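*Asks:* okay, sequence plus prediction incoming.
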Amino acid sequence: MSYHVILAAKLTDDATNVLKTATDIELHQVSETPEAVAPYLADAHAIIVGDELVIDAAIMDAAPNLQLIGRAGASLTNIDVDDATRRGVVVMNAPDVDAVTVAEYTFTMILAVVRNIFDAHHDLLDGTWNRDAYIGRQLQGKTLGIMGYGKVGQEVASRAIAFGLDVLVSDPYVPERYVAGLRLKLVGTEELFARSDIITIHTSIVKNTKHIINEKSLALMKDDAFLVNVKHDSFFDMAAVRAALDGGSLGGVAIDEFDTETPLKDNPLIGHPRVIHTQRMRYNTVEAHQHLSSLIAPQVLDALRQKDYRNGVNLPFMPGSEYERIEPHLELGEKIGILEHALGHQAAIERVEISIQGDEMQGLLKPLTVAIVKGILKPVLGDSVNYINAPVIAHERGILVTQSKGFAIDSYPNLLTCRVTWVDGGELIIAGAIFNQTEPRIVQIDRYRTDISPQGTLLVMGGFDVPGVIGRVGTFMANHQINIAGWRTSRINKGGHTLSIIIIDEPLEPALLDELRENEFVRHATQITFD
């Protein structure tokens, strides 16, 4: 069989020749634009893209024979992976090819901003010798705060230690024992902000990290602290960072990523005298380009020939009737994982135990385990975690994932149970079942029986079994124009503790949630919004 492959990415000549010389490949080499790929989509079996072309439903609608999308790089932000999975299209990338390159560039930016290298360079070009105006800072003895301890964060940390920096790391999935013996300290985000002389961000973009550098976090930082961001523009509230620079409370900023939808002339950081800005240069090296090119071309060939699906990022099995059957089970697993993360208050996890029972669950232990782990990791890591890499990421962060039996309190025809143990010794059991073969439901949280659909916005509230609680909460919500769509309360003993799951039409603002928690009938309250 001959396969039609669209190459809409810049690969090395050697990698391109691997595709060109394959006797079963008809290669269409085009620029990375919708207009360029359009004439070849109808016959395409595979498409290889860089980071410019968006592969969405419209592209896939025009490619009825598409089997494979290859991403020449690690990021998948320009590919609709969920839609590809539903269509049975395998998505693969070239992960971790740029960890060293990005770490090196991070230090390039750190050194440039703390030593005023760019300004001194441009002055000399203009014929000005003004060395005394550019007194910099040495790194040795300073504190570097690293947000995110994945591959890049680890590479940055090892280089920071070599420079004599004290290293602080913030990552909710890394337990203390995982960094034991290393010359760094694991801290919370606020402590990292307060203690660091230089802060560099290598975490994922999710709800909790968008604009994580804002007016509040900037107020926690040392005077003259430096910010380095070579990952994503959304980490910064640009106006707040600009205000801090203008007010003299930041020593400088180095940034490599800007929102391409906003004209550069309108960005408040462009041209500021204490800002170094570059144009997405972090992975722009000969070595990284060679590495990713040498990975993606053979991967695409092997997948088309059904030899190997390495570095696939969607399901570890082909969709179709089998996928449709187990999709509700996978959704249930992810939702259980999200709840475990939220109700565990983002503490570092030591162990995840999975139990299944019932004929309907048999044979699904592996994908259900992966689904739960993905759900646990997703609130922090976002779309960078998937069904293929979730177990690897959990292992890298020292999370032990095991199969266990017999810790659910209920018996259902089919039941999926997860027990998470945290490094501080706490644990939480959450169980779910599939109703009518299609409806994921949560049936147990801790020791409490319940029956809820994990969707929309849920308020999980621990309280006391006393009269009037439902009325007072209802009045509170009514006073703030929050509509209650459903309510389920469970208790273990009469007059003891209760657990209420309250379904609300819209999330409570943080200040309003704090106000609710201050009531004497509330033991704890956590809000979870499912996408």
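*Replies:* It's in.
*Asks:* buried ones in stretch 27-37?
*Replies:* Along stretch 27-37, the positions that meet the burial threshold by neighbour count (16 or more other Cβ atoms under 10 Å) are Leu27, His28, Gln29, Val30, Glu32, Val37. Glycine gets a C-beta too; all of them are placed from N, C-alpha and C.
*Asks:* equivalent analysis for stretch 489-503, please.
*Replies:* Thr489, Ser490, Arg491, His497, Thr498, Leu499, Ser500, Ile501, Ile502, Ile503.
*Asks:* sorry, back to before: which one of the buried residues of stretch 27-37 is nearest to Ala525?
*Replies:* The closest of the buried residues of stretch 27-37 to Ala525 turns out to be Glu32 (Cβ to Cβ; 47.7 Å).
*Asks:* how much space between Glu520 and Gly463?
*Replies:* Counting by Cβ to Cβ, to the nearest Å, the gap from Glu520 to Gly463 is 10 Å.
*Asks:* which one of the two has more residues nearby?
*Replies:* When Glu520 and Gly463 are compared on other Cβ atoms under 10 Å, the one with more neighbours turns out to be Gly463, at 22 against 9.
*Asks:* where does pLDDT dip in the stretch 301-450 of the chain?
*Replies:* Low-confidence segments of the stretch 301-450 of the chain, defined by pLDDT under 70, are located at 315-323, 345-346, 388, 405-411.
*Asks:* which stretches in it count as strands?
*Replies:* When secondary structure is read from DSSP state E, counting those that start in this stretch, the stretch 301-450 of the chain shows strands at 349-357, 400-403, 415-422, 427-435, 439-445, 448-452.
*Asks:* any chance of those in JSON lines, plus mean neighbour count and distance to Ala157?
*Replies:* Below are the strands of the stretch 301-450 of the chain laid out as JSON lines (neighbours: other Cβ atoms under 10 Å; distance: least, Cβ to Cβ, whole Å):
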{"stretch": "strand 349-357", "mean neighbour count": "20", "distance to Ala157": "21"}
{"stretch": "strand 400-403", "mean neighbour count": "13", "distance to Ala157": "23"}
{"stretch": "strand 415-422", "mean neighbour count": "23", "distance to Ala157": "23"}
{"stretch": "strand 427-435", "mean neighbour count": "21", "distance to Ala157": "30"}
{"stretch": "strand 439-445", "mean neighbour count": "20", "distance to Ala157": "36"}
{"stretch": "strand 448-452", "mean neighbour count": "18", "distance to Ala157": "41"}
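*Asks:* so which of those is nearest His202?
*Replies:* strand 349-357 (19.9 Å).
*Asks:* the closest one - contacts with which helices or strands?
*Replies:* Here strand 349-357 is seen to pack against helix 365-381, strand 400-403, strand 415-422 when contacts are counted using 3 or more Cβ pairs under 8 Å, 6 or more residues apart in numbering; DSSP states H and E.
*Asks:* contacts for the shortest one?
*Replies:* For strand 400-403, the external contacting residues (Cβ atoms under 8 Å, 6 or more residues apart in numbering) are Glu350, Arg351, Val352, Glu353, Ile354, Ser355, Leu365, Thr369, Val373, Pro391, Ala394, His395.
*Asks:* which residues does the fourth one bridge with?
*Replies:* Per DSSP bridges, residues listed as beta-bridge partners of Glu353: Thr402, Arg419.
*Asks:* any idea how far it lies from Ile503?
*Replies:* In this view, Glu353 and Ile503 are 28 Å apart by Cβ to Cβ.
*Asks:* helix, strand or coil for Met281?
*Replies:* For Met281, the secondary structure call by DSSP: H, G, I helix; E, B strand; the rest coil comes out as coil.
*Asks:* list the contacts for the closest residue to it other than its chain neighbours?
*Replies:* By the measure of Cβ to Cβ, 6 or more residues apart in numbering, the closest residue to Met281 outside its immediate chain neighbours is Asp256, 5.8 Å from it. Going by Cβ under 8 Å, 6+ apart, Asp256 touches Tyr105, Met109, Asn229, Val230, His277, Thr278, Gln279, Arg280, Met281, Arg282.
*Asks:* related to what we said a few turns ago, nearest to Leu144, of the buried residues of stretch 27-37?
*Replies:* Distance to Leu144, by Cβ to Cβ, is smallest for Glu32 among the buried residues of stretch 27-37, at 35.8 Å.
*Asks:* in which helix or strand would I find that closest one?
*Replies:* Glu32 is located outside every helix and strand, with elements delineated by DSSP states H and E.
*Asks:* that one touches Gly50, doesn't it?
*Replies:* Yes. With contact defined as Cβ atoms under 8 Å, Glu32 and Gly50 form a contacting pair (5.5 Å).
*Asks:* shared neighbours, these two?
*Replies:* Among the neighbours of Glu32, those also in contact with Gly50 (Cβ under 8 Å, 6+ apart) are Ala8, Ala9.
*Asks:* which parts of the stretch 101-250 of the chain are helices?
*Replies:* Applying DSSP state H, counting those that start in this stretch to the stretch 101-250 of the chain gives helices spanning 117-125, 151-162, 189-195, 215-220, 238-246.
*Asks:* any idea which of the ones you listed is most buried?
*Replies:* Of all the helices of the stretch 101-250 of the chain, helix 151-162 has the most neighbours on average by mean count of other Cβ atoms under 10 Å, namely a mean of 20.
*Asks:* tell me the spacing between the residue located most distally from the centre of the chain and Lys366.
*Replies:* In the chain, counting by Cα atoms, centre = their mean, Gly127 sits farthest out from the average C-alpha position, at 46.8 Å. When distances are taken as Cβ to Cβ, Gly127 and Lys366 turn out to be 67 Å apart.
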